[in-house]
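>>> Predicted model and sequence below, questions to follow.
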Amino acid sequence: MNILVANLGSTSLKFRLFRFDGAGGAALLAKGGYERVTDYGKAIDDCLAELKAAGHVRTPADLHGVGFKTVLGKNLTGCVPADERVIAALEGFKEIAPAHNPPYAAGIQRFREKLPGVPLVALFETAFYQWMPEAATRYAVPQAWHEAGVRRYGFHGASHKFVAERSAELLGRQDIAERVRQLYQAGPTSVKGRPLRVISCHLGGSSSVTGIRDGVAVGTSMGLSPQSGLPQNNRVGDLDSAAVPFVMKTFGLSIAEVERQMTKESGLLGLSGVSNDLRDIRAAADTGNARAQLALDVLVHSARHWIGAFLLELGGCDALVFTAGIGENNPDLRAAFCAQLEELGLVIDPAKNNALRGAEGEISTAGSRAKIFVIPANEELVVARETVRCIAARN
Ligand code: ADP
């Protein structure tokens, strides 16, 4: 079964082609992409021509599905056929995700025209959060705002769901891993045995922390948009809403300019004044740049704030997991995230931690009550797997 995963940006199309064997194993057959795309139709033709020339997809009939990691839709979430309902839902929330929703709506439309008969699947980044308790989703806003869609949605759902599944396997809870695999088709099925409590930290270009009980999200640091929660690479993260009218009046800024500064000049870039990339920030901090060091400290403080929130919400945890570029590759930051949590049952092993970069493994001591894991993210593979599950459930 050949599954194409299409990653649509405002001017780019990136793709990966996976081949699944009957046993659920997947091989990456091809990857590539196009920049400065003005015509998605042409980019799709070029992509198919490339896959044909490489001998992977001779005709569209050799393609068994296309998966899209859509961000958020109005009144729609889950892992669902990418049809006109999905396009309308993306358009309905284009103001909340202006960089993501319009290209996905346009791109899905073009894939539908170009590949009639090939199943298209949308995996919303909000999908993992559809069973959060209502109290965890509500902002204290006027009812009309809430009804217009102002609430906490949650993002990085593909990544956190993968962590939920993989951590359950690593903890020997095949029942919970299977529950997670079936989640988007069957909903949260009944569970027996001890509750499994996992805190998943996706720390990368954008970052979020999610609390997971028995494979289902109970809360997230992300809010209405992916601008919320932890400081992001160049996006602000959590901010008191009073700051917006204050800077508008103080600096005479338009709302568009405030929005631009909050999404392009804030986050780790705004804090450090150096870069939006953690490697550059660390290099600057190592040479004594105080603002760069502060950016790292703020990231650690914010991540610990949310880890703490979910430790309480879950009543403890069985595993704390780090994933994505920052979480996978920075042992010193992982040590800082886990500092002084011994009383709470989380004890990091310095030798195991320092030795592990970019690979899966356990970094807690043998005596630690809860495990600390690194689980590499591979979001395209997650989208491909969910696409296979969605297609199988429909057939
Ligand atoms: P994206 O959200 O863009 O997919 P990633 O998950 O790749 O982002 O994470 C990007 C972040 O991870 C950057 O801040 C980068 O500096 C950091 N990162 C990636 N690889 C490494 C590495 N080998 N060492 C240190 N930091 C890294």
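Done, it's in. Not measured: the values here are computed from a predicted model.

>>> and the closest residue to residue 254 other than its chain neighbours, what element?
In this structure, residue 254 finds its nearest non-sequential neighbour in residue 248, 7.6 Å apart by C-beta to C-beta, 6 or more residues apart in numbering. No exception for glycine: its C-beta is placed from N, CA and C like everyone else's. Here residue 248 sits within helix 243-251, counting by DSSP states H and E.

>>> just residue 217 next, same as before
In this structure, residue 217 is located in strand 216-220 according to DSSP H and E.

>>> send the alpha carbons of that strand over as PDB?
Only the C-alpha atoms of strand 216-220 are listed here, as PDB (Å, rounded to 0.1, in the frame of the first residue of the first chain):
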ATOM      1  CA  VAL A 216      -6.300  10.100  25.700                       C
ATOM      2  CA  ALA A 217      -5.400  13.800  26.100                       C
ATOM      3  CA  VAL A 218      -6.700  15.400  29.200                       C
ATOM      4  CA  GLY A 219      -5.100  18.800  28.700                       C
ATOM      5  CA  THR A 220      -2.700  20.800  26.600                       C
END
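
>>> can you list contacts of that strand?
By C-beta atoms under 8 Å, 6 or more residues apart in numbering, the residues outside strand 216-220 that reach it are 128-129, 131-133, 136, 152, 154-155, 157, 160, 164, 179, 183, 188, 208-212, 229, 309-310, 313-314.

>>> ok, 7 Å please
Taking C-beta atoms under 7 Å, 6 or more residues apart in numbering as the criterion, the residues outside strand 216-220 that touch it are 128-129, 131-133, 136, 152, 154, 160, 188, 208, 210-212, 310, 313-314.

>>> out of these, which are buried?
Judged by neighbour count, with 16 or more other C-beta atoms under 10 Å as the criterion, the buried members of the contacts of strand 216-220 are 128-129, 132, 136, 152, 154, 160, 208, 210-212, 310, 313-314.

>>> Tell me where the stretch 1-150 of the chain has helices.
In the stretch 1-150 of the chain, helices defined by DSSP state H, counting those that start in this stretch lie at 40-53, 84-92, 101-114, 143-148, listed in chain order.

>>> what are the ranges of the strands in the stretch 101-250 of the chain?
Ranges of strands within the stretch 101-250 of the chain are 120-123, 197-203, 207-213, 216-220, based on DSSP state E, counting those that start in this stretch.

>>> of all the ones you listed, which lies closest to residue 112?
Taking C-beta to C-beta as the criterion, residue 112 comes closest to strand 120-123 out of the strands of the stretch 101-250 of the chain, the separation being 6.4 Å.

>>> Low-confidence regions, this protein specifically.
Counting by pLDDT under 70, the chain contains no low-confidence residues.

>>> May I ask which helix or strand encompasses the residue of it found nearest the ligand?
Across the chain, no residue is closer to the ligand than residue 325, which sits at 2.1 Å (C-beta to the nearest ligand atom). Under DSSP H and E, the secondary-structure element containing residue 325 is helix 324-329.

>>> Then residue 299?
When secondary structure is defined using DSSP H and E, the element that contains residue 299 is helix 290-314.

>>> tell me the angle that helix makes with strand 197-203.
160 degrees (axes from the mean of the first three to the mean of the last three C-alpha atoms, to 10 degrees).

>>> Mind listing what's buried along helix 290-314?
292-296, 298-300, 302-304, 306-307, 310-311, 313-314.

>>> by how many degrees do that helix and strand 216-220 diverge?
130 degrees.

>>> Name the residue closest to the centre of the chain, please.
Centrality entry for the chain: nearest residue to the mean C-alpha point is residue 156, 1.7 Å, by C-alpha atoms, centre = their mean.

>>> ok, so what distance separates that residue from residue 105?
Counting by C-beta to C-beta, to the nearest Å, the separation of residue 156 from residue 105 is 21 Å.

>>> so who does residue 272 touch?
Neighbour list for residue 272: 281, 284, 291-292, 295 [criterion: C-beta under 7 Å, 6+ apart].
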